[in-house]
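Asks: What follows is a predicted structure for the sequence shown.
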Amino acid sequence: MADLLQIGLSGIYSSQASLATTGHNIANVNTAGYSRQTVQVSTAGSERYGSYFIGQGSMVSGIERAYDKFAFTENIMNTSQYGYSKEVYAQSSQLDMLFSNESTSVTQPVLSVFETLNGVADHPNMLESRTVFLESSANMINQYNRLYDNLEIQYTGLNNDITNTASIITTLAGNLANINQQISAVVGSGGQSNSNDLLDRRDQAITELSELVNVSVVPTDNGMVNIYMGSGQSLVMGNESVNVVAVNGDPDPSRKEMALNVNGNLVKMDGSRLGGKVAAMFDTRDNDLDRAFNQLGQNIIGLTHAINEQQKEGQTLDGQIGDNLFNDINADASMKRRVLAHNDGLGSAQLSLRVDDLSQLTPDDYELVVNDYDTTTPPGTIEFTVTNKTTGKAELLGPINLADTERIAIPNSGLSLGIDAITAADPLQAGKTFTLQPTRLAAQEASLLHKDPAKVAAADAEIKTVAADTNTGDAVLRTSAINNPLDKLYMDADNPLEIVITGNTPGGDITFDIVDKNGNPVTLPASSAPPAPPDSANNYTPAKVSGDTLSGLTVTPNLLTGKVTFDLAGIEVEMYAGSPDVGDKFTLNFNETGVGDNRNIMEIAGLQSQKIMNNNKATFQDVYSGMLSEIGAKTGNADVSMQSTYILKNQSTERIQSTSGVNMDEEAANLLQYQQYYSAAARVITVAGELFDTILQASR
């Protein structure tokens with residue numbers, strides 16, 4: 001006969017397990033990542049008595065957690081997408097507020113500069129109007145500097161976030177490996193049901209990780225899982241994890257990158273392909289922030305350089321040709337800072353990058369790679385490939401004979417490359433890479449050079465250099481200095497001079513004659529003193545003997561800048577762009593100026609409406625407005641993406657909760673039900689005891 005007492009006890013045990021599990025569910029109703037558990041009860045079997053079987057009660061066969069693998073996989077995918085969109089929106093909206101906010105935008109300071117320029121045009125002989133112009137210019141420059149500083153703060157913050165996130169990923173990976181080991185130990189001892197809480201902890205850690213990077217989960221033996229991130233990089237393999245670290249970038253060490261530390265070997269990863277919040281940080285920094293730096297730099301370069309160049313066409317109150325009001329964008333240090341050499345062990349060289357044409361200047365960066373460097377015939381020839389990093393368009397430069405004096409023009413960019421020096425002990429090798437950043441630092445470098453209102457060149461220059469309409473070359477000349485108006489050859493209204501190009505050797509000297517208005521060579525007055533020898537910039541003043549004609553003279557272009565300075569008749573004439581052909585003529589006209597002359601300041605004021613940027617299709621304001629529109633559009637798109645991914649994430653979370661979440665009403669009902677089961681099983685034990693007592697009484 002079956003043991004009625006044991007049957008009752010088995011019911012007690014099963015009901016007790018169900019009550020305990022229900023209580024566990026209720027206690028963890030607010031525990032993040034907890035999955036509802038249920039007791040699996042099965043029959044304890046039966047015992048044969050003749051031709052029939054009598055059951056022996058129940059037994060707990062397992063405690064299962066409510067789990068939907070598909071819903072979990074969908075949720076970690078949606079969590080990654082939401083983490084990406086949320087971070088992109090946070091960074092984009094910060095950029096948008098910075099550039100569009102009236103207190104930080106440069107729109108009003110730039111407008112104020114041109115308003116004060118009109119004030120100088122109205123009163124060119126008043127120092128007060130010039131002072132107001134310089135003060136507004138200083139305010140504008142300060143605003144550009146502040147914008148750059150704010151961008152730099154956001155840039156540094158992202159680099160710090162990348163470093164901190166690498167540590168968080170390493171910590172989560174270590175926790176997951178540890179949980180894997182605990183689960184393996186439990187499952188290996190036959191206690192699989194006891195690992196439910198560990199499985200919940202692991203799923204919760206994976207979900208946290210998925211917000212940072214894309215995650216793939218692959219089950220293995222003994223209940224463990226392997227976890228891969230991004231595009232397949234191993235992060236957790238069973239009970240072992242890999243450390244993720246932040247390393248300095250190349251060629252910019254302040255630009256943090258992520259790498260896997262595999263047994264002491266660092267394997268760099270493409271952060272933009274890791275997904276989640278990490279990919280958003282890399283994408284925002286490397287695309288949106290870098291472009292904002294470059295667009296801001298393009299804007300201030302165009303603005304200050306155009307004003308500087310027009311300033312050099314005028315004359316100051318001191319009677320001198322105007323000098324740069326703002327920093328020289330092509331100063332030697334600035335040109336060198338635009339070129340970053342990669343730490344690839346393939347040689348070293350000092351290169352410089354010059355801005356030659358504002359109309360072609362873009363906010364794009366370039367990658368320059370050495371194809372070949374041949375030193376068979378010193379100083380050798382070199383060949384590059386330059387690639388626009390925004391459009392992907394590549395151009396071949398060379399082969400270039402380094403003995404030539406001209407710079408290397410980069411097609412369709414408005415830029416030229418100078419090879420200032422190549423280290424003989426560490427020559428360039430094929431594959432050597434440089435990054436070119438034409439506009440990145442411009443807003444930081446922007447400065448106002450003059451505070452003296454007399455230095456503003458409001459008047460038109462007294463000596464104007466005019467190219468003949470028949471010229472076939474593309475050389476551009478201008479009067480760059482008035483050294484001695486008392487020179488006996490100094491021009492007047494009735495006696496202009498003319499520079500006639502008689503020879504131009506590619507990469508070499510230029511020969512020229514100085515003739516009068518009738519085309520006759522000018523004779524040097526007998527009392528003229530011998531001129532000075534060539535200076536350190538290779539500006540050549542030809543040796544002359546009193547009474548000689550100024551013909552057959554020679555000038556040598558500057559090796560790095562390509563500029564040429566003609567020193568004659570008490571003035572200096574600068575050829576600052578292009579190259580002349582034989583026969584080209586340039587007339588030096590006397591242009592009487594006075595205190596009330598405002599012709600040059602009117603030209604400067606007119607720059608506001610001139611389309612000299614973006615292939616002569618945009619003004620300075622258009623460039624800035626275009627940048628605002630681009631940032632605003634990105635912010636709007638990021639907001640839409642964040643909202644949609646948030647909805648998807650919530651839907652997948654609710655799907656998990658519908659399967660795995662604890663329902664208090666259901667658990668309360670179960671509690672009453674299992675309580676009744678427990679009471680009934682206890683009654684069976686009572687009956688078994690009463691029957692046993694009856695048997696004992698009958699045997700007395």
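Replies: Sure, I can see it. Numbers count the residues shown, from 1 in each chain.
Asks: Only C-alpha atoms from now on, for both contacts and neighbour counts.
Replies: Noted.
Asks: May I have the strands that pair with the helix or strand containing Arg48, each with its orientation?
Replies: Arg48 is located in strand 46-49, with elements delineated by DSSP states H and E. Within its sheet, strand 46-49 is paired with strand 52-55 (antiparallel), according to DSSP bridges.
Asks: ok so, going back, alpha carbons of the strand holding Arg48, as PDB, please.
Replies: Only the C-alpha atoms of strand 46-49 are listed here, as PDB (Å, rounded to 0.1, in the frame of the first residue of the first chain):
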ATOM      1  CA  SER A  46       3.600   5.200  -8.700                       C
ATOM      2  CA  GLU A  47       3.900   1.700  -7.100                       C
ATOM      3  CA  ARG A  48       2.400  -1.400  -8.700                       C
ATOM      4  CA  TYR A  49      -0.100  -3.400  -6.700                       C
END
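Asks: Pull out the buried residues from that strand.
Replies: Within strand 46-49, no residue counts as buried by 16 or more other C-alpha atoms under 10 Å.
Asks: what's the answer for stretch 36-47, then?
Replies: For stretch 36-47, using 16+ other C-alpha under 10 Å, the buried residues are Arg36, Gln37, Thr38, Val39, Val41.
Asks: the helices in this structure, which residues?
Replies: Assignment of helices within the chain using DSSP state H yields the ranges 4-27, 69-100, 107-122, 127-188, 196-212, 276-283, 290-311, 332-337, 442-445, 599-606, 620-660, 664-698.
Asks: Tell me which of those helices approaches Asp509 most closely.
Replies: Among these, helix 332-337 comes nearest to Asp509, with 23.0 Å by C-alpha to C-alpha.
Asks: now the closest one, how far from the chain's geometric center?
Replies: Distance of helix 332-337 from the chain centroid (C-alpha atoms, centre = their mean, to the nearest Å) equals 21 Å.
Asks: Would you agree Asp420 is in contact with Ser352?
Replies: Yes: look at Asp420 against Ser352 with C-alpha atoms under 8 Å: they come within range, at 6.8 Å.
Asks: More neighbours: which of the two?
Replies: Ser352 (25 against 14; other C-alpha atoms under 10 Å).
Asks: do you know how far the more buried one is from Phe384?
Replies: Using C-alpha to C-alpha, to the nearest Å, one gets 14 Å for the distance from Ser352 to Phe384.
Asks: Then Gly45?
Replies: Distance from Gly45 to Phe384, by C-alpha to C-alpha: 84 Å.
Asks: Same check on Ser105?
Replies: Ser105 is 39 Å from Phe384, where distance means C-alpha to C-alpha.
Asks: try Tyr366
Replies: 12 Å.
Asks: Please apply the same query to Val247.
Replies: 29 Å.
Asks: can you check Thr505 too?
Replies: 25 Å.
Asks: Who has more neighbours out of these two?
Replies: Phe384 (22 against 11).
Asks: Now for the more buried one: which residues touch it?
Replies: Leu368, Val369, Val370, Asn371, Asp372, Leu396, Leu397, Gly398, Pro399 (C-alpha atoms under 8 Å, 6 or more residues apart in numbering).
Asks: before we move on, what about Lys634?
Replies: Applying C-alpha under 8 Å, 6+ apart, the residues contacting Lys634 are Ser92.
Asks: what do you get for Leu151?
Replies: Contacts of Leu151 by C-alpha under 8 Å, 6+ apart are Leu95, Leu289, Phe293.
Asks: Identify the residue nearest Ser641 in space, chain neighbours excluded?
Replies: Leaving out its chain neighbours, the residue that sits closest to Ser641 by C-alpha to C-alpha, 6 or more residues apart in numbering is Ser85, at 6.0 Å.
Asks: related to what we said a few turns ago, which two among the buried residues of stretch 36-47 are spaced furthest apart?
Replies: Maximum pairwise distance among the buried residues of stretch 36-47 (C-alpha to C-alpha): 16.3 Å, between Arg36 and Val41.
Asks: Can you spell out which helices and strands pack onto the helix or strand of the chain with the lowest mean pLDDT?
Replies: When each helix and strand of the chain is scored by mean pLDDT, DSSP states H and E, strand 553-555 comes last, with a mean of 72. Applying 3 or more C-alpha pairs under 8 Å, 6 or more residues apart in numbering; DSSP states H and E, we find strand 553-555 packed against strand 510-515, strand 564-568.
Asks: wouldn't Thr472 be in contact with Asp581 here?
Replies: Yes: contact criterion C-alpha under 8 Å: Thr472 and Asp581 qualify, at 6.2 Å.
Asks: more neighbours, the two?
Replies: Neighbour tally, Thr472 and Asp581, criterion other C-alpha under 10 Å: the higher count belongs to Asp581, 18 against 14.
Asks: what about the more buried one, distance to Arg285?
Replies: 47 Å.
Asks: Using TSV, please lay out the contacts of Leu151 together with pLDDT, neighbour count and distance to Asn484.
Replies: Formatted as TSV, the contacts of Leu151 follow (pLDDT from 0 to 100; neighbours: other C-alpha atoms under 10 Å; distance: C-alpha to C-alpha, whole Å):
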residue	pLDDT	neighbour count	distance to Asn484
Leu95	93	22	52
Leu289	95	21	50
Phe293	95	22	44
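Asks: which residues touch Gly314?
Replies: Ile321, Gly322, Ala457, Ala458, Ala459, Asp460, Ala461, Asn600, Ile601.
Asks: can you map out the strands along the stretch 351-500 of the chain?
Replies: 366-374, 381-388, 394-401, 408-410, 415-422, 433-436, 459-460, 463-467, 476-482, 497-504 (DSSP state E, counting those that start in this stretch).
Asks: What helices and strands are in contact with the longest one?
Replies: Judged by 3+ C-alpha pairs under 8 Å, 6+ apart, the packing partners of strand 366-374 are strand 381-388, strand 433-436.
Asks: Go ahead and confirm Gly11 touches Tyr678.
Replies: Yes: counting by C-alpha under 8 Å, Tyr678 is a contact partner of Gly11 at 7.0 Å.
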